[in-house]
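Colleague: Here's my sequence, what's the structure:
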Amino acid sequence: PRGGGAVPPPLALCHFCLICLGDVARYRAAWTASGERARGAAVLKDARAAYGMAAALMPWSGRAQNSLAVTAALAKDDLEAAYRYFRALAAARPFPARENLLALLDRSSRAELEEGGSGGQRRRAELSFLRLHGALYTRIGLERLEVLTSTCLAELRLLLEAPPAGSALSSSASLRLCCVAIFQVHFHSAP
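Modeller: From the prediction side, this is the model:
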């Protein structure tokens, strides 16, 4: 039932239950005391597992992708969160994640400006990439597009030239960068 077809009720119910289980685990993680960070991370891992099963069960639905994005944002993994928000928006049955994505892109842009040269090469490259794609997605600040693009490309080039044992880009991060870029092309070419 990709897109327009009816979803069999048992499948929809299982998907809904997995989302609810993930939500409960995510709320438990939020209520975990700061002294119990390891427990909070484990509970967040449980939430990601439930959301991941929901996404595998109904890959055409953007709801589980949005939930995975929320957990990534909580874990301060901005690239993963952006990737998941874009997937939620691009799904055959999209989830209205635009506001969440805009908040993430804004926070990433501010973080890049605040952190400046600190944070490690991978963090700088990811923030530069997200700032560029934030400008493309919102169409705000396009007068600086050339500067944002050259900065992003320079940061990515430095990251790709880093020794493998250093802060090099992982294959999953490379995939996420490519998927976000492809979404931008699709988003801006849609009628």
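Colleague: In the chain, spot the helix with the most residues.
Modeller: Using DSSP state H to define each element, the chain has its longest helix at helix 9-31.
Colleague: For the helix or strand following it, which outside residues touch it?
Modeller: Next along the chain after helix 9-31, taking DSSP states H and E as the criterion, comes helix 37-57. Applying CB atoms under 8 Å, 6 or more residues apart in numbering, the set of residues contacting helix 37-57 from outside is 11, 14-15, 18-19, 21-23, 25-26, 28-29, 32, 61, 63-65, 67-68, 71, 74-75. Bear in mind the C-beta positions are built from the backbone N, C-alpha and C, glycine included.
Colleague: now for whatever helix or strand comes next after helix 37-57, which elements pack on it?
Modeller: Counting by DSSP H and E, the element after helix 37-57 in chain order, helix or strand, is helix 63-74. Here helix 63-74 touches helix 9-31, helix 37-57, helix 78-90, helix 98-115, going by 3 or more CB pairs under 8 Å, 6 or more residues apart in numbering; DSSP states H and E.
Colleague: Show me the one of these that comes nearest residue 159.
Modeller: Ranking the helices and strands packed on helix 63-74 by proximity to residue 159 (CB to CB) places helix 78-90 first, at 11.9 Å.
Colleague: before we move on, the earlier item: Throw the helices and strands packed on helix 63-74 into a markdown table and include distance to residue 132, mean neighbour count and mean pLDDT, thanks.
Modeller: A markdown table is the format used below for the helices and strands packed on helix 63-74 (distance: least, CB to CB, whole Å; neighbours: other CB atoms under 10 Å; pLDDT from 0 to 100):
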| stretch | distance to residue 132 | mean neighbour count | mean pLDDT |
| --- | --- | --- | --- |
| helix 9-31 | 29 | 16 | 92 |
| helix 37-57 | 27 | 18 | 84 |
| helix 78-90 | 11 | 24 | 95 |
| helix 98-115 | 10 | 16 | 89 |
